[in-house]
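Undergrad: what follows is a predicted structure for the sequence shown.
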Amino acid sequence: MSFALIPLMVLAAGWKDAPIEERHPEAIELFQCDFEEDTDLNYDLWPDQWTRRSGPGYPRYVDVEITDQDAVSKDRSLNIRLDGGAATAYSPPIAVRDIFSYVLEGQIKTEGLEFDKAYISLTFFNDKQQPVETYYSEKFKETGGWVKVRIGPIAPKNTNLDLAVIGLHVGPQGEVDEDLTGNVHFDDLWFARLPKMTLETADGGSVYHDDEKIKVKCNVSGILERDPTVIFELVDVGRQSLARQESKLEGKVVARKTEKISELFGKKAYQDENWDVGYAGDIEWEPPIDQNGYYEIRATMMGSSGLMHRRVMTVAVVSHDTVPEKGEFGWSLPDGEQPLDFQRMFDLLVTAGVNWVKFPVWYNDDDFERANNIARFAERLNKHNINVVAVIDKPPADIRNLFGEQETMLVANVFAEPLLWRPYVEPILTRLSLTVHYWQLGADDDVSFVGYTNLQDKLRQIRQELRTSGQDIELGIPWRWMAETPEGRDAPYGFLAYSILPPSGSLDDLLPMTKDELGIYLDKSQGKTTRFATIYPLPRSKYTTEERARDLVEKMVAAKIHRADAAFISKPFDSEYGLMNENGSPSELLLPWRTTARLISGTEYLGAIQLPNKSHNHVFARGNRTVMLVWNSRETNETLYLGDDVKIIDLWGREVSPQQEGNKQVIPVGPIPQFLIGLNDSVAKMRLAFKFSPSELESDFGRTQHIDATVLNTFPTAISGVARLVAPDVWNVNPGILRFKLTRGGELKSPYKVLLRADADSGLQPVRIDFQVSADKEFEFSVYRDILVGSGMMQVESTASFDKETGELVIEATIHNLEEQLISFDCLLYATGRRQMRQRVMNFGLGRTSIVYRIPDAEDLKGSTILLRLREIGGTRVFNHRVEVDD
């Protein structure tokens with residue numbers, strides 16, 4: 001007899017508390033199958049009591065049988081030989097009970113698969129023989145030999161569990177071809193029970209405000225030891241342990257279940273003699289969380305024999321912030337409110353600082369409860385400044401057969417004939433169009449309109465039909481970044497939702513777009529239409545938390561700077577690419593997303609301020625509130641005046657005040673970006689506006705040159721003050737001090753005379769302008785700029801070290817010619833108390849070359865500075881470079 005298991009709920013596997021190479025020592029085996037002779041008593045090469053799935057897509061001509069050609073440790077395995085189509089084998093039902101958790105292990109080997117993937121599943125059934133939860137292993141296209149997979153330990157959420165069934169699967173994933181050849185082997189299946197341990201907050205929440213108390217509850221059942229120890233631990237995003245509590249669990253005997261032999265589809269269940277024996281209990285803890293951030297709360301159960309079980313849950317703590325009325329960042333919810341309910345999803349979206357939400361709105365015609373829920377949900381979001389994009393995707397199940405194809409159901413085909421779709425979409429439009437302005441045809445990964453014949457005419461027809469029920473709507477479609485934006489006057493669409501999903505639609509083949517690629521595509525499409533961009537973080541399994549957080553923030557900032565109208569996280573509830581886990585708890589990226597969204601949403605991008613130690617930054621302003629995002633490839637401090645009440649906020653929302661040096665702030669900067677808030681708006685804008693013209697000087701030493709400085713009053717009042725130009729000591733600058741009075745918005749352009757001494761360095765040279773400004777109060781701050789000395793065609797890097805054997809000072813200079821023009825020059829080295837040393841470089845083109853000087857008896861040169869001068873042969877150009885000799 002064949003049957004199909006239809007999973008009603010797909011959940012993420014629990015915390016893996018044993019290496020994959022080992023089996024859980026505390027587990028009690030419930031079922032084991034290695035496909036040896038004792039599993040095939042009738043010698044038909046099919047495991048006894050097992051069932052094979054049949055029906056559409058599962059042809060019987062695909063061979064599935066026990067073979068002795070390959071095995072893990074013994075003689076036999078189950079072999080599936082592909083010939084087009086999929087294949088699935090199901091184990092006999094196994095008796096289970098909801099007081100336990102479970103672990104399933106198995107071995108998989110694949111050969112020659114190109115499209116299909118092999119994997120194992122575990123489905124739980126309730127006492128009415130209905131499937132209620134299904135879990136999947138990792139899916140493999142090519143294993144390169146036998147690989148061990150594990151599902152669990154998992155703690156089923158449903159009560160009244162009665163049976164479990166193991167599934168062995170091979171088949172295509174998504175809209176791809178099927179393999180006509182290939183081999184898959186399964187072996188060494190092992191299913192066992194463990195104590196069941198759940199960890200959750202008392203109110204079921206996972207994102208809290210900083211003034212709310214958090215209480216967690218650990219429930220334990222199915223243990224054979226009455227009073228184990230439960231250890232709670234609080235851990236921050238950096239894996240630092242912050243608090244710990246150890247308590248005894250007072251267990252109670254769980255009533256035995258009525259003895260019976262369950263059946264499923266006529267198959268008797270495997271049942272061991274002690275399958276329902278165990279104790280149960282619970283214990284609570286209030287973790288001492290005193291600041292914003294992302295936290296793991298861990299519960300470890302220890303018995304007399306050692307570790308019994310572990311569970312980990314995550315929570316996020318955030319400040320009470322006002323979401324900007326207008327912003328660019330949102331979530332796309334392809335599964336609607338799942339995995340939460342409408343109320344919890346609403347609370348999360350508001351707390352997370354979301355400004356846009358994509359939500360599927362096509363429901364069954366007679367599902368009045370869902371219609372009311374969606375309408376109320378949209379209205380509530382709208383009142384909280386959250387724009388809803390109604391997504392009309394695949395038709396609901398009760399009418400899907402009207403549209404032909406069942407598997408792919410592409411939106412371009414669904415909307416091909418208005419007579420089919422209009423009667424079902426019209427009531428939704430009538431209900432929601434007063435609240436919802438944006439309507440998207442198809443999910444983000446459905447780009448079936450790309451390449452559609454007569455696309456403009458088709459969209460005009462659809463728009464006309466839609467506007468008969470909802471007048472003020474903007475119609476949009478998903479689009480590929482790589483495809484050309486449709487041209488034409490009076491475009492029949494209001495927006496394009498750009499996507500990067502591969503043609504297969506599978507996240508397994510996804511290569512997330514970089515921030516630079518996102519910027520390039522946004523610039524290319526700018527001005528052509530309203531653009532909704534999708535953002536995918538880096539996958540959790542391949543990158544560190546810090547790398548993923550930095551990448552996410554960079555992409556959000558790129559979307560802001562390059563003027564995306566909205567930027568959506570396409571799968572927010574996805575442990576690999578999302579901000580939340582599949583069970584609705586926060587992942588490490590929720591707070592970096594929230595922190596960035598709340599600080600730069602609805603802002604104006606002002607540019608970057610040059611900082612004394614060259615840290616990268618972006619400056620944004622909303623009203624008179626100015627925010628800086630700052631980072632550096634190395635650890636350094638930036639010391640300068642930014643404002644009177646500056647705060648540092650890291651990506652996880654933790655806020656600290658910087659140290660002060662006089663009126664300056666000392667900002668520690670590193671590879672992980674962080675935000676600075678409380679910047680003085682006028683000072684920041686004055687720094688950005690200051691400029692030199694020209695911003696370079698010729699390498700003509702001994703001749704007076706002219707350069708203009710432009711000062712703009714960005715304060716809200718008239719100002720007066722002085723500006724002192726601090727240049728290298730080998731520059732003569734006149735005037736050294738500039739005095740000014742400027743009306744509100746006024747501008748001053750002042751000339752400087754600059755004379756470079758013969759030993760002045762070439763290349764980019766830092767200068768500082770110290771301002772003292774009188775406005776509504778006194779301000780002192782500095783502006784930092786670089787002035788290029790010379791053409792910029794040459795760069796020099798140098799090292800100085802002592803040869804331990806000879807005692808010589810070895811100076812190596814690497815010269816970069818940045819232009820294709822050939823140049824010849826003398827390289828002159830001037831060391832104190834030594835004769836000039838010279839080397840000649842002839843006809844040097846684009847690229848780099850190195851020269852080496854060796855100075856004998858150079859102990860006295862320690863701590864000194866040596867001048868290296870490159871003088872063009874037959875020309876006037878001179879390049880000076882200083883070599884620092886360490887003590």
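TA: Everything's here; your move.
Undergrad: against residue 590, how distant is residue 299?
TA: Counting by CB to CB, to the nearest Å, the separation of residue 299 from residue 590 is 22 Å. Placement of C-beta: from N, CA and C, glycine included.
Undergrad: cool, and residue 665?
TA: Distance, residue 665 to residue 590, by CB to CB: 29 Å.
Undergrad: with residue 126 instead?
TA: In terms of CB to CB, residue 126 sits 33 Å off from residue 590.
Undergrad: who has more neighbours, the two?
TA: The neighbour count for residue 126 versus residue 590, taken as other CB atoms under 10 Å, is higher for residue 590 (26 against 17).
Undergrad: the more buried one against residue 237, yeah?
TA: No. Using CB atoms under 8 Å, residue 590 is not in contact with residue 237; the gap is 10.7 Å.
Undergrad: so where do the strands sit in the stretch 51-200 of the chain?
TA: 51-52, 63-67, 77-81, 87-90, 94-95, 100-111, 116-126, 131-136, 147-154, 161-172, 183-201 (DSSP state E, counting those that start in this stretch).
Undergrad: what about the residue nearest to the spatial centre of the chain, which SS state?
TA: Taking CA atoms, centre = their mean, the centroid of the chain lies closest to residue 537, which sits 2.6 Å from it. Under DSSP: H, G, I helix; E, B strand; the rest coil, the three-state class of residue 537 is coil.
Undergrad: can you tell me how far the residue nearest to it when sequence neighbours are not counted sits from residue 48?
TA: Of all residues not flanking residue 537 in the chain, residue 552 sits nearest, at 4.7 Å (CB to CB, 6 or more residues apart in numbering). Plainly put, residue 552 is 51 Å away from residue 48 if you go by CB to CB.
Undergrad: more crowded one of these two?
TA: Each of residue 552 and residue 48 has its neighbours counted (other CB under 10 Å); residue 552 has more, 24 against 12.
Undergrad: and that one, that one's in a strand?
TA: No. Assignment of residue 552 by three-state DSSP gives helix, placing it outside any strand.
Undergrad: distance check, it against residue 578.
TA: Between residue 552 and residue 578 the computed distance is 11 Å (CB to CB).
Undergrad: shared neighbours, those two?
TA: With contacts defined as CB atoms under 8 Å, 6 or more residues apart in numbering, the residues shared by residue 552 and residue 578 are 537, 589.
Undergrad: tell me where the model's unsure across the stretch 151-300 of the chain.
TA: Counting by pLDDT under 70, the stretch 151-300 of the chain contains low-confidence ranges at 174-176, 253-278.
Undergrad: give me the domain ranges for this structure.
TA: What automatic domain parsing lists as the domains of the chain is 28-196, 197-318, 329-602, 605-679, 685-789, 794-884.
Undergrad: pull up the distance across the last one, start to finish.
TA: Just to be clear, that refers to domain 794-884. Start-to-end span of domain 794-884 (CA to CA, to the nearest Å) is 19 Å.
Undergrad: same thing with the third one?
TA: For domain 329-602, the first-to-last residue distance is 9 Å (CA to CA).
Undergrad: what about that domain, distance to the chain center?
TA: 17 Å (CA atoms, centre = their mean, to the nearest Å).
Undergrad: on that earlier part again, find the residues that touch each one of residue 590 and residue 237.
TA: residue 294.
Undergrad: where does pLDDT dip in this structure?
TA: Applying pLDDT under 70 to the chain picks out residues 1-22, 24-26, 174-176, 253-278, 404-408, 470-471, 487-489, 501-510.
Undergrad: which parts of it are helices?
TA: 342-352, 368-383, 411-414, 418-432, 455-467, 515-525, 545-561, 590-600, 681-689 (DSSP state H).
Undergrad: export those helices to a markdown table and append columns for distance to residue 142.
TA: Shown next, in a markdown table, are those (distance: least, CB to CB, whole Å):
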| stretch | distance to residue 142 |
| --- | --- |
| helix 342-352 | 39 |
| helix 368-383 | 42 |
| helix 411-414 | 33 |
| helix 418-432 | 41 |
| helix 455-467 | 38 |
| helix 515-525 | 28 |
| helix 545-561 | 26 |
| helix 590-600 | 34 |
| helix 681-689 | 53 |
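Undergrad: most tightly packed of these?
TA: Burial of the helices of the chain is given as mean neighbour count (mean count of other CB atoms under 10 Å); helix 590-600 ranks first at a mean of 25.
Undergrad: what lies in contact with that helix?
TA: Identification of contacts with helix 590-600 by CB under 8 Å, 6+ apart yields 207, 292-294, 316, 318, 321, 323-324, 327, 329, 352-355, 549, 552-553, 556-557, 560, 569, 579-580, 620, 627, 629, 649-653, 675, 677.
Undergrad: could you give the angle of that helix to helix 545-561?
TA: Helix 590-600 runs at 30 degrees relative to helix 545-561, counting by axes from the mean of the first three to the mean of the last three CA atoms, to 10 degrees.
Undergrad: what's the angle from helix 590-600 to helix 342-352?
TA: Relative orientation of helix 590-600 versus helix 342-352 (the same axes, to 10 degrees): 60 degrees.
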